[in-house]
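Engineer: Just to be clear, the model below is a prediction. Sequence and coordinates:
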Amino acid sequence: MSKRIFSMPLWQFLMLAVVAVAGCGEDVKLRNQAQATSGQDVLRVREDLARNRIWVLTLDEVRVYHSTATGKRLIRKIVLPNWSVVGIRNVCMPDLAIDRSGSAFIASNGQARLMRIDGDRFALEDLAIRFQARDGLDTGFGALAFAADGTLLARTTPDGALWKIDVAKASATMAGGMKKLPADRCAITPPSMTTQSLAEFERS
């Protein structure tokens, strides 16, 4: 069963919908992503060049491939338990980022939580993130990226605010000083997006 339907209290859903409709958001590609109808649709593709790996996020799972000059080979599938995707217009799709150790972090776009997949054992850890000094509704993350110093950055959805994530403390603080963010509120760096299906990705 696909995990695209996200369960939340009615008042929280309505507030999120109001903010999303009133908000910014003109990215047609990401809007199309929100209309995904198959658990095998690809949401994000990230390359780990140091380890010759490609990480693929779908609605149902994360797939890890070993990449060579002659093609790619699936080495692991990791199911994301209790992970859901909010498919409301103007709400950014979840993201995936790879840290220096080769571990992957997956965002929830409807809840303030991240999942970490260890790059060696592929063990899964669920992190509930606490916002520091944030007023209003706590939402999820629609963009993730690691800064040059190894800091995990995230943009909340649908407002696109930038946060620094302290993984060890599972907390988020407002980030300042980054004036060259993409106009796309669903990105921190140029996103490696794709609208292809998983079957198309594996054939490419």
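Structural biologist: Alright, I've got the coordinates.

Engineer: least trustworthy helix or strand in the protein by mean pLDDT?
Structural biologist: Ranking every helix and strand in the chain by mean pLDDT, DSSP states H and E puts helix 28-34 at the bottom, with a mean of 33.

Engineer: So which residues of this protein form helices?
Structural biologist: 10-22, 28-34, 198-203 (DSSP state H).

Engineer: mean pLDDT lowest for which of these?
Structural biologist: Looking at the helices of the chain, the lowest mean pLDDT belongs to helix 28-34 (a mean of 33).

Engineer: Tell me where this protein has strands.
Structural biologist: All strands of the chain, identified by DSSP state E, fall at 42-48, 53-58, 61-68, 71-79, 96-98, 104-107, 113-117, 124-128, 130-131, 141-146, 152-156, 162-166, 171-174.

Engineer: Quick check: buried residues in the third one?
Structural biologist: This points to strand 61-68. Glu61, Val62, Arg63, Val64, Tyr65 (16 or more other CB atoms under 10 Å). Where you see a C-beta, it was placed from the backbone N, CA and C, and this is true even at glycine.

Engineer: Greatest separation within those: which pair is it?
Structural biologist: The two members of the buried residues of strand 61-68 with the most space between them (CB to CB) are Glu61 and Tyr65, at 12.8 Å.

Engineer: coming back round to it: could you dump the strands of the chain into a markdown table with mean pLDDT and distance to Ala183 added?
Structural biologist: As requested, the strands of the chain are exported to a markdown table (pLDDT from 0 to 100; distance: least, CB to CB, whole Å):
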| stretch | mean pLDDT | distance to Ala183 |
| --- | --- | --- |
| strand 42-48 | 91 | 19 |
| strand 53-58 | 95 | 23 |
| strand 61-68 | 95 | 28 |
| strand 71-79 | 95 | 32 |
| strand 96-98 | 95 | 20 |
| strand 104-107 | 96 | 20 |
| strand 113-117 | 95 | 25 |
| strand 124-128 | 95 | 29 |
| strand 130-131 | 90 | 24 |
| strand 141-146 | 91 | 13 |
| strand 152-156 | 92 | 12 |
| strand 162-166 | 93 | 13 |
| strand 171-174 | 91 | 20 |
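
Engineer: now for those, which one comes closest to Ile88?
Structural biologist: Distance to Ile88, taken as CB to CB, is lowest for strand 141-146 among the strands of the chain, at 11.5 Å.

Engineer: Now Cys160: closest residue in space that isn't a chain neighbour?
Structural biologist: No, residue 160 isn't Cys; it's Gly. Arg185 (2.8 Å; CB to CB, 6 or more residues apart in numbering).
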